[in-house]
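**Student:** Just the structure for this:
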Amino acid sequence: MPALGVRLPAAGFKVINQVPRSRLSKLPKNLPVFRYSAIPRDFSTNELQGLLNQSAFAGTNVGSLLRGRASLAAMKEPIRLATANHMDYFFVDSTAGSISYATHDLGVNLRVEIPDYDSIPNFDAMLSKVLHYAAAFGASTNDLELKDDGSLFMRRTDDKTVSRGGAVKFINRRSLAVARSLAGYPLLTSNHKVELALGVKGRLLKFEMIWPNLDIVRTNRLLSMDQMLANIKKGQVLADMQTQYPSDGVAEVALKDYRVFYYLPEARNFRPAVNQDIVPIISFHAVFKSKSGKTEDGGLFTPLLE
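**Tutor:** Down below sits the predicted model:
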């Protein structure tokens with residue numbers, strides 16, 4: 001079980017399944033298990049050149065960075081460009097499937113220059129760019145995380161400059177990121193994403209894509225709901241770290257709903273561990289009840305695969 005939670009501070013509690021049958025019927029019969037591939041991702045050199053041309057390293061030719069190799073996938077070492085103190089950097093690592101660019105140069109002195117209120121492209125325009133880069137660098141739109149209603153899941157932020165009275169003078173930075181899913185389920189990691197940040201007048205401030213190639217190593221059958229209930233009763237369960245419990249103990253646990261997702265620990269320096277399984281797990285929304293009737297909501301994780 002991944003290190004997502006902690007042991008329950010109780011044993012011998014009653015477990016009740018209150019997940020609606022309509023929800024349980026949506027559980028698949030089996031799901032694949034993934035591992036990082038040994039095959040590097042071959043990023044488009046034309047698209048990389050386009051990013052470089054917008055960056056602090058404009059004028060650098062991608063061809064010169066390949067050091068005689070025919071493609072990025074043929075390079076054993078990452079490409080690294082950086083200015084003094086890494087104030088600007090541009091890294092490409094085909095083995096880890098990552099591209100990372102960032103600059104601290106906003107391209108405008110915000111202390112003396114007041115841009116138009118919103119001179120940064122809006123989120124719709126930014127999404128179009130993000131989806132373009134995702135496809136151009138080999139990430140299928142079918143592998144993007146969706147919300148429950150089927151719409152695209154996005155992380156969006158605005159950084160605002162405000163006056164002393166608190167009124168917004170202008171937006172100085174805007175970012176948008178889309179995340180990865182596996183087999184139609186969210187991948188619970190902050191790493192696998194495509195993110196774009198723009199500044200005043202559309203200046204490129206950040207681009208990050210982490211999307212390594214993955215292989216399906218096997219497909220496992222899922223446990224039945226009865227099997228999962230039995231595992232919970234036997235203590236094969238972890239509680240969400242933020243879960244609160246009734247002050248006078250836990251006598252009953254009622255399962256209300258569930259969420260399936262894939263999980264892997266954060267990789268150091270974006271370098272994948274090729275022998276580590278990326279497995280689906282299940283999280284139950286649970287209500288903890290004491291003998292006196294006090295209740296608290298929380299989350300439970302239990303094995304999902306046979």
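**Student:** Wait, P303 touches L223, no?
**Tutor:** Yes - the pair P303 and L223 passes the contact test of Cβ atoms under 8 Å, sitting 6.7 Å apart. Every residue, glycine included, has its C-beta placed from N, CA and C.
**Student:** what about the spatially closest residue to L304 that is not a sequence neighbour, is that helix, strand or coil?
**Tutor:** Leaving aside its sequence neighbours, L304 sits nearest to I282 (Cβ to Cβ, 6 or more residues apart in numbering; 4.3 Å). Using DSSP: H, G, I helix; E, B strand; the rest coil, the structure places I282 in strand.
**Student:** Common neighbours of P303 and L223, please.
**Tutor:** Common contacts of P303 and L223 (Cβ atoms under 8 Å, 6 or more residues apart in numbering): N231.
**Student:** for the residue nearest to L304, what are its contacts?
**Tutor:** 228, 258-260, 301-302, 304.
**Student:** ok so R218 is a helix residue?
**Tutor:** No - under three-state DSSP, R218 sits outside any helix and is assigned strand.
**Student:** Where does the prediction get shaky in the chain?
**Tutor:** Residue ranges of the chain with pLDDT under 70: 1-5, 108-113, 117, 161-168, 190, 265-274.
**Student:** Show me the domain layout of this protein.
**Tutor:** 5-35+216-302, 45-213 (automatic domain parsing).
**Student:** Kindly state the beta-bridge partners for the residue nearest to L304.
**Tutor:** Beta-bridge partners recorded for I282 (DSSP bridges): V260, T302.
**Student:** And the one 5 residues further on, by the same measure?
**Tutor:** Beta bridges link V287 to A254, D297 when assigned by DSSP bridges.
**Student:** count of neighbours near it?
**Tutor:** By the criterion of other Cβ atoms under 10 Å, V287 has 15 neighbours.
**Student:** tell me the helices in the stretch 201-306 of the chain, going along the chain?
**Tutor:** 225-233 (DSSP state H, counting those that start in this stretch).
**Student:** List the contacts of T45.
**Tutor:** Listed by Cβ under 8 Å, 6+ apart, the contact set of T45 reads 62-63, 66, 71-72.
**Student:** Select only the buried ones of those residues in PyMOL?
**Tutor:** The following PyMOL line selects those of these that are buried, judged by 16 or more other Cβ atoms under 10 Å:
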select buried, resi 62+72
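**Student:** Just send the contacts of T45 back as TSV, with distance to P40 and secondary structure too.
**Tutor:** Converted to TSV, these look like this (distance: Cβ to Cβ, whole Å; DSSP: H, G, I helix; E, B strand; the rest coil):
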residue	distance to P40	secondary structure
V62	16	helix
G63	18	helix
L66	13	coil
S71	9	coil
L72	7	helix
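**Student:** Go through the contacts of T45 and say which is closest to Y36.
**Tutor:** Nearest to Y36 among the contacts of T45 is L72, at 17.2 Å by Cβ to Cβ.
**Student:** What is the nearest of the contacts of I282 to M126?
**Tutor:** Of those, the one sitting nearest to M126 (Cβ to Cβ) turns out to be R259, at 27.9 Å.
**Student:** so who does the closest one touch?
**Tutor:** 282-283, 285.
**Student:** Repeat that for L144.
**Tutor:** The contact partners of L144, taken as Cβ under 8 Å, 6+ apart, are 134, 152-153, 178-181.
**Student:** Among those residues, name the buried ones.
**Tutor:** Buried, going by 16+ other Cβ under 10 Å: 134, 178-181, out of these.
**Student:** quick revisit: any idea how far the residue nearest to L304 lies from R23?
**Tutor:** 12 Å (Cβ to Cβ, to the nearest Å).
**Student:** F90 and S100: what is the separation?
**Tutor:** Here F90 is placed at a distance of 7 Å from S100 (Cβ to Cβ).
**Student:** and these two? which has more neighbours close in?
**Tutor:** In this view F90 and S100 are compared by other Cβ under 10 Å, and F90 has more residues nearby, 23 against 19.
**Student:** tell me the SS of R23?
**Tutor:** Classification of R23 using three-state DSSP returns helix.
**Student:** count of neighbours near the closest residue to it other than its chain neighbours?
**Tutor:** Spatial nearest neighbour of R23, chain neighbours left out: D257 (6.4 Å); criterion: Cβ to Cβ, 6+ apart. Neighbour count for D257, taken as other Cβ under 10 Å: 12.
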